[in-house]
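Undergrad: Provided below are the primary sequence and the corresponding predicted coordinates.
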Amino acid sequence: MKLDFDPFLGATAAPFAMTRTPYSIRGETDRLTDVLMCPPHFLAPVPCCAVTRHNIAQGFVASIDEAQRRHAELVRLLETSGVRCHMLTADPALPDMCFTRDVGVSTPWGMVALNPAIPHRQPEIDRLIQFLGASDTPVRSVRAGTIEGGDICVARDGLLLIGMSGERSTAAGIDDFSAPFRAAGWDVLICPFHADNLHLDTIFCMVDQKEAIACIDLLDPDFLAAVEARGISIISLPDSVASTLDCNILSLGDRRIVARMDGVVAPILRGAGYEVSEVDISQFAACGGGIHCLTQPLRRVTQ
Ligand SMILES: NC(=O)NCCC[C@H](N)C(=O)O
């Protein structure tokens with residue numbers, strides 16, 4: 001395993017892009033073939049984000065049985081859709097580890113192990129690196145600032161979108177993560193938003209190469225204008241879906257979407273011509289994460 005791809009920054013970024021890596025993603029809505037997940041055996045509400053704090057105050061206690069059953073349904077759905085699900089081993093000391101999205105990102109040049117801002121999530125990075133050690137994938141680590149995967153959207157070839165609440169992802173972390181993309185000539189758009197919304201993927205997700213769903217009133221107007229200027233149309237969602245994790249969908253590619261059961265997004269996307277499968281994620285949503293957070297895509301292929 002190669003532990004860094006800093007040498008491929010700058011002028012040499014493009015040649016590196018030509019090398020083959022087992023795990024690689026150029027676009028968030030390309031066909032998904034491999035995903036990294038972790039069973040929620042030790043899921044517990046940690047008061048580290050606004051949604052979870054609210055639910056704890058309402059008396060929420062996680063039901064592990066229910067969470068395991070729903071997670072297994074998500075895994076079955078992905079596998080029957082042709083996606084290989086790779087599993088991390090759950091750890092009683094890591095109650096948020098089922099939200100694999102936040103610890104790593106697959107890029108055209110290999111995997112990036114991120115740097116979570118929340119201390120109890122830091123050890124999840126070691127588990128990711130251990131998992132990747134068994135593959136031939138180059139792995140680069142973010143060393144400056146903090147950045148979490150829920151804020152990163154490798155939207156499509158040449159376009160990277162990053163959310164910056166300043167709490168989970170900071171300017172220094174974003175600079176470090178995005179350096180290879182910039183060096184390879186990608187457009188990088190940064191979206192400031194309120195930290196109560198935790199991550200960009202609670203209020204913005206790509207559903208196709210040229211379409212996204214978004215809580216437009218919670219997003220920076222300049223960011224939205226820049227996204228639209230790049231030919232991406234926005235399906236507008238009400239602000240209320242940020243806390244229900246309804247916007248937090250997973251694209252399987254080919255206009256196939258996995259969405260929250262009984263939410264507002266599934267019927268809207270069906271109406272827009274998408275094939276939508278639904279999973280009950282209420283246990284996870286109460287802990288601050290949805291389907292996008294529960295899945296870390298490792299490999300997508302262009303359609
Ligand atoms: N991408 C996401 O929005 N992930 C959800 C993470 C929830 C977890 N309780 C956290 O606050 O880190």
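TA: Sure thing, it's come through. Everything numeric here is computed off the predicted structure, so don't read it as measured data. Numbering: from 1, shown residues only.
Undergrad: Would you mind measuring from the residue in the stretch 101-250 of the chain positioned nearest to the ligand to residue 49?
TA: Residue nearest to the ligand within the stretch 101-250 of the chain: residue 150 (2.3 Å; CB to the nearest ligand atom). Bear in mind the C-beta positions are built from the backbone N, C-alpha and C, glycine included. Between residue 150 and residue 49 the distance is 10 Å, computed by CB to CB, to the nearest Å.
Undergrad: what does residue 86 give?
TA: The gap separating residue 86 from residue 49 is 26 Å, by CB to CB.
Undergrad: Repeat that for residue 256.
TA: 29 Å.
Undergrad: So for the two, which sits in the more crowded spot?
TA: In this comparison of residue 256 against residue 49, neighbours counted by other CB atoms under 10 Å, the higher total goes to residue 49 at 23 against 18.
Undergrad: Excluding chain neighbours, what is closest to the more buried one?
TA: What sits nearest to residue 49 in space, not counting adjacent residues and going by CB to CB, 6 or more residues apart in numbering, is residue 288, at 4.4 Å.
Undergrad: Look up which helix or strand the one you found falls in, please.
TA: Under the criterion DSSP states H and E, no helix or strand holds residue 288.
Undergrad: For it, which residues are in contact?
TA: Remark: with contacts taken as CB atoms under 8 Å, 6 or more residues apart in numbering, residue 288 is in contact with 48-49, 51-52, 96, 99, 198, 245.
Undergrad: Kindly recompute the last result at 7 Å.
TA: The neighbours of residue 288, taking CB atoms under 7 Å, 6 or more residues apart in numbering as the test, are 49, 51-52, 198.
Undergrad: show me which of those neighbour the ligand.
TA: Checked against the ligand using CB under 6 Å from any ligand atom, the contacts of residue 288 yield the following neighbours: 49, 52, 198.
Undergrad: residue contacts, the last one?
TA: Taking CB under 7 Å, 6+ apart as the criterion, residue 198 is in contact with 49-51, 150, 168, 288.
Undergrad: Same list, those, but as CSV with secondary structure please.
TA: Output for the contacts of residue 198, formatted as CSV (DSSP: H, G, I helix; E, B strand; the rest coil):
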residue, secondary structure
49, coil
50, helix
51, helix
150, helix
168, coil
288, coil
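Undergrad: Dump the residues you listed into a markdown table; add pLDDT as well.
TA: Putting these into a markdown table (pLDDT from 0 to 100) gives the following:
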| residue | pLDDT |
| --- | --- |
| 49 | 95 |
| 50 | 96 |
| 51 | 96 |
| 150 | 98 |
| 168 | 98 |
| 288 | 97 |
